[in-house]
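1. no sequence on hand, only this structure:
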């Protein structure tokens, strides 16, 4: 029998993308702004979230999803700040996917949520390939990682809408040029919104929290406009 | 190592396609990997061979890398790119748009 070629032309992640589109629509209907936080392990995602929750929880109704390969440690840290948190243990998986996130949303009262923050697995490579249905991706980079991080891992920086530079209180102790790091990041993605922060001293956190609040309010208005 | 998850997803796509083609056997599989898809071609090739051989016998896996294409939003020039930053060869501005090389798709199956 002779071989026959069958054209398929199907996106490999089409199943993931369809689920993500469903999540995006669901969140949009409820007027929820959502971010997918991506960084290497140890960049300070959980600590930034602890500070962010403390700054926002009186004015914004938050829900958090914390992904880790193993343990629920991050989720347990965040729960202590008095907001609903769902943990996703990937059990070896190097990224979150749309199915895991869609399932974790069942645990939340979405009608009573303004801002959903998804803390991805610490990994600067794989998570950037998987759409979770978020409004925006936000990439974190700590000053101890070196200025060339954006050049080494361009996909995460290219697909993000904002960059949070973390641990800037350590800059005096390092040979780290903030200017060079930001120049590298902007050479990959000139449209990045940049926040220089220290979760330790609190520097820059007001402006980061303000940016989140602005998006939360804009999303609410859009949903109300669409509903009326 | 998300290539392993992707290889499993690719195998599911093959199985769905083959379900539409009764009485056939898969002999080859083509996958296009964009230069900016975040997928390592050699790793995906290896993972595909492993997961395909679990269900099928003797399937040739052809993983093809597609070049990246950027578009300059200042002068609208399209140009092939390999590595960031994507500086426009015409006007020197950093191109904001990527118009090719982000995809990852199952291109074809060969059956007999």
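-> Thanks, I have the structure now. Fair warning: this is a prediction, and the values are worked out from it, not measured in the lab.
2. what does chain B have sitting close to chain A?
-> Counting by CB under 8 Å from any CB of the partner chain, chain B comes close to chain A at B:1-2, B:5-6, B:9-10, B:12-13, B:17, B:21, B:24, B:27-28, B:31, B:36-39, B:83-85, B:94, B:96, B:98, B:103-112. Every C-beta, even on glycine, is put in place using the N, C-alpha and C of the backbone.
3. ranges for the helices of chain B?
-> For chain B, the helices defined by DSSP state H occupy B:2-19, B:41-55.
4. most neighbours per residue, which of these?
-> Mean neighbour count (mean count of other CB atoms under 10 Å in any protein chain shown) peaks for helix B:2-19 among these, with a mean of 19.
5. that one to helix B:41-55, inter-axis angle?
-> If you take axes from the mean of the first three to the mean of the last three CA atoms, to 10 degrees, helix B:2-19 sits at 50 degrees to helix B:41-55.
6. shaky segments in chain A?
-> For chain A, the stretches flagged by pLDDT under 70 are A:1, A:227-228.
7. OK, contacts around the spatially closest residue to residue A:151 that is not a sequence neighbour?
-> With sequence-adjacent residues excluded and distances taken as CB to CB, 6 or more residues apart in numbering or on different chains, residue A:151 is closest to residue A:184, at 5.3 Å. Contact analysis of residue A:184 by CB atoms under 8 Å, 6 or more residues apart in numbering or on different chains lists A:147, A:148, A:149, A:150, A:151.
8. show me the contacts for residue B:102.
-> B:34, B:36, B:37, B:68.
9. same deal with residue B:31?
-> By CB under 8 Å, 6+ apart, residue B:31 lies in contact with A:12, B:10, B:44, B:48, B:61, B:62, B:63, B:64, B:104, B:105, B:106, B:107.
10. quick check, the fourth one in contact with residue B:29.
-> Yes. The pair residue B:48 and residue B:29 qualifies as a contact (CB atoms under 8 Å) at a distance of 7.3 Å.
11. so which bits of the longest helix seen in chain A are buried?
-> With DSSP H applied, the helix covering the greatest number of residues in chain A is identified as helix A:205-227. In terms of neighbour count (16 or more other CB atoms under 10 Å in any protein chain shown), helix A:205-227 has its buried residues at A:205, A:208, A:209, A:211, A:212, A:213, A:215, A:216, A:219, A:223.
12. likewise stretch A:35-49?
-> When neighbours are counted by 16+ other CB under 10 Å, the buried residues of stretch A:35-49 are found to be A:35-40, A:43-49.
13. do that stretch and chain B meet at all?
-> No. Using CB under 8 Å from any CB, stretch A:35-49 never reaches chain B; the gap is at least 11.6 Å.
14. about what we covered before: what lies in contact with the longest helix of chain A?
-> Contact with helix A:205-227 is made by A:28-33, A:35, A:48, A:51-52, A:55-56, A:59-60, A:114-115, A:135-136, A:162, A:164, A:193, A:195, A:197-199, as judged by CB under 8 Å, 6+ apart.
15. ok, now stretch B:12-21?
-> Contact with stretch B:12-21 is made by A:6, A:8, A:10, A:12, A:15, B:24, B:26, B:29, B:52, B:55-56, B:106, B:109, B:111, as judged by CB under 8 Å, 6+ apart.
16. what of stretch A:81-91?
-> Stretch A:81-91 is contacted from outside by A:50, A:53-54, A:57, A:62-72, A:74-76, A:78-79, A:96, A:100-101, A:104, A:107-109, A:121, using CB under 8 Å, 6+ apart.
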